[in-house]
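[1] Below: sequence and its predicted model.
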Amino acid sequence: MFTAQKPDSRSKLLIIIGLLLLTTSCTVVGDRVDHAAGGPNVPADTVIIMSKAPSEPPAEKEPQPQPSGPLRITVVEAILLTLENNRALLVERLNPSIRQTFEDEERAVFDPQTGAEISAGRVEGQRLARSGSATEAFTTDTYEAGIDLTQVFPTGTTVSVEGNTLVTDSSLYEERFYTTRLGIGFTQALLRGFGSAVNLANLSQARLDTRLSEYELRGFTQSLVAEVEQTYWDYALARREIEIFEESLKIARRQLSETLELIEVGRLAETEKAAVQAEVAAQEVAAVSPLVEVEVIPLRAGPDNLPKILAGAQVAVDCLDNLPSRYALEAAAREMNIPYVHGAVAGLEGFVMTVLPGEPGLAGLHGPAPAAKQDSAEVVTGIPALTPAATANLQVNEVVKLILGRRGLGPGTLLHLDLSVPSLELLHLG
């Protein structure tokens, strides 16, 4: 049986105050959760924020012609360009944000949860009249509203507050009927899930992962900047070394020209020419590759001093332009018991042969005596620039194999390069 009762204003006020207090307590609990889990999660000093400063849209300008030559930038500009355009860095910058989402998921476990429900219904029917001799129609309307709020604490405690109001309005009665209920529930874990250390473990781990990703981003960025700086200064040093080598080569060539003039007028002996030519050759090699160490021997090489020049060498490489000098070098290499790598060019053809001590070598290819230079094939056919370059590469390949102790071309084997086809074949000397 329902009792007609109007809603008490104090009950309403009590419900509102309770909900406000519980909401405030949720904020306090959130602060305690942050403190118990290590913190509030202040970003580490590793976060990199790169954003363009707001500016007005630039006015349309006529396209400027691109400057010719290399792009000239400072080391700071090089670093900024790298930070803005490096794709690996763009990916690394996403990792802290991704880790932050896992942290937010673990933090959401301790967020308050609220729910509300509203329903309404109507019943129409007939009932026995109060006189007992007839029936009468009636209509009953019901309105029900409820709200609940649940908070999980790090200690393993769950607190829930719920309020419910039911309003019944029937045509059989003059007044409405109100039923209000306010409840508070407590649940405390006693074994599993008891204590802040257990309940905050996942949140603490997620925060550590976020910090770790931030420091990883910092390390990656510092490494990238250091690599850019090192590359920048290596490039600057290389450019400066090239300038120095080019200037040294100019000086050496000028000295050679002056020496030749002095030799022509009789003020210098012919023997001075070899020393200056050797210096020019050393500067030209250094200009091609500064990493190559060149030892200049300012002497005219011949059968008398070639064995002494080859002392300490592992391989003798033929880069000469006449057969008499090649025969002399082969004889010196045989005397010093080291391999001799022969290379020759004529027109679009190149020849490479490796001669080990005790093998016939050039004698089996050209005969026991060398031909005079005016009768040699390179004088008759001429030599395009690409032929010596290709042949030299094949010679270097043989030299590297000999130094590493690997098998070369083999005795009596001549490597023939024909760029007119092009073709590469092995010829076996009889």
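    Right, received. Where do you want to start? Numbers count the residues shown, from 1 in each chain.

[2] any idea which element Thr150 lies in?
    strand 135-152 (DSSP states H and E).

[3] Could you identify the helix or strand that succeeds that strand?
    strand 157-170.

[4] ok so Ser325 is a helix residue?
    Yes - per DSSP: H, G, I helix; E, B strand; the rest coil, Ser325 lies within a helix segment.

[5] Look up how far Glu162 lies from it.
    To Glu162, Ser325 is 107 Å away according to C-beta to C-beta, to the nearest Å. Bear in mind the C-beta positions are built from the backbone N, C-alpha and C, glycine included.

[6] what do you get for Arg267?
    Arg267 is 116 Å from Glu162, by C-beta to C-beta.

[7] When the two are compared, which one has more neighbours?
    Comparing Arg267 with Glu162 by neighbour count (other C-beta atoms under 10 Å), the higher total belongs to Glu162, at 15 against 10.

[8] who's in contact with the more buried one?
    Gly146, Ile147, Asp148, Leu149, Leu182, Gly183, Gly185 (C-beta atoms under 8 Å, 6 or more residues apart in numbering).

[9] Could you give the secondary structure assignment for the last one?
    When you say that, I think you mean Gly185. On the basis of three-state DSSP, Gly185 is classed as strand.

[10] Quick check: the gap between the nearest residue to it once chain neighbours are set aside and Leu427.
    Nearest non-adjacent residue to Gly185, counting by C-beta to C-beta, 6 or more residues apart in numbering: Ser160, 4.4 Å away. According to C-beta to C-beta, Ser160 and Leu427 sit 97 Å apart.

[11] My guess is Glu117 contacts Ala145. True?
    Yes - between Glu117 and Ala145 there is a contact at 7.2 Å, judged by C-beta atoms under 8 Å.

[12] Run through the strands of the stretch 201-350 of the chain in chain order.
    Counting by DSSP state E, counting those that start in this stretch, the stretch 201-350 of the chain has strands at residues 316-317, 340-346, 349-355.

[13] Next, format those strands as a markdown table and append distance to Val396, mean pLDDT and mean neighbour count.
    A markdown table is the format used below for these (distance: least, C-beta to C-beta, whole Å; pLDDT from 0 to 100; neighbours: other C-beta atoms under 10 Å):
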| stretch | distance to Val396 | mean pLDDT | mean neighbour count |
| --- | --- | --- | --- |
| strand 316-317 | 8 | 94 | 20 |
| strand 340-346 | 9 | 92 | 22 |
| strand 349-355 | 10 | 93 | 24 |
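
[14] Please convert those to JSON lines, extending it with distance to Ala390.
    Output for those, formatted as JSON lines (distance: least, C-beta to C-beta, whole Å):
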{"stretch": "strand 316-317", "distance to Ala390": "16"}
{"stretch": "strand 340-346", "distance to Ala390": "9"}
{"stretch": "strand 349-355", "distance to Ala390": "6"}
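
[15] who's more crowded, Ser160 and Leu427?
    The residue with more neighbours, out of Ser160 and Leu427, is Ser160; 16 against 12, by other C-beta under 10 Å.

[16] contacting residues for that one?
    Contacts of Ser160 by C-beta under 8 Å, 6+ apart are Asp148, Leu149, Thr150, Gln151, Ile184, Gly185, Thr187.

[17] Kindly indicate which of the residues you listed lies nearest Ala78.
    Checking the contacts of Ser160 against Ala78 by C-beta to C-beta gives Gln151 as the nearest, at 54.0 Å.
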